[in-house]
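S.K.: Build me a structure from this.
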Amino acid sequence: MTGEIRAGACEVCMAVCIHAMRDERVVKVADANWVEIRNCRACGAYWDMQPGSYPVVITFEEALKRAPGLEDWIDCSTVSSRPNGRLG
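M.R.: Numbering: from 1, shown residues only. This next block holds a predicted model:
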């Protein structure tokens with residue numbers, strides 16, 4: 001299970017999203033209706049912080065489904081079509 005949760009993530013975003021460290025490269029890109037999505041500028045991973053649960057790495061497409069209107073929060077033209085949703 002741990003490998004699935006962290007697939008596509010780097011040490012920077014794992015430290016921030018799992019261990020509550022701070023790093024300016026991990027930013028909140030959506031926060032509404034009990035959904036918080038973060039994006040790591042170091043590796044491009046998207047995280048669903050799932051309040052009350054364990055944060056998981058998700059694809060950009062999953063982020064769009066979980067946070068409708070996310071495309072208004074970020075510049076979608078910089079998002080690659082690779083499965084892990086990393087930035088181009």
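S.K.: which residue ranges form the strands in the protein?
M.R.: Under the criterion DSSP state E, the chain carries strands at the ranges 26-32, 35-40, 46-48, 56-58.
S.K.: Neighbours of R25, how many?
M.R.: 13 (other CB atoms under 10 Å). Glycine gets a C-beta too; all of them are placed from N, C-alpha and C.
S.K.: Pick the most deeply packed of the strands of the chain.
M.R.: Taking mean count of other CB atoms under 10 Å as the contact definition, the stretch among the strands of the chain with the greatest mean neighbour count is strand 46-48, which reaches a mean of 26.
S.K.: for it, packing partners?
M.R.: If contacts are counted by 3 or more CB pairs under 8 Å, 6 or more residues apart in numbering; DSSP states H and E, strand 46-48 sits against strand 35-40, strand 56-58, helix 60-66.
S.K.: mind redoing it with 6 Å?
M.R.: Contacting strand 46-48 under the criterion 3 or more CB pairs under 6 Å, 6 or more residues apart in numbering; DSSP states H and E are the following elements: strand 56-58, helix 60-66.
S.K.: Quick one: closest of the strands of the chain to E11.
M.R.: Taking CB to CB as the criterion, E11 comes closest to strand 35-40 out of those, the separation being 10.1 Å.
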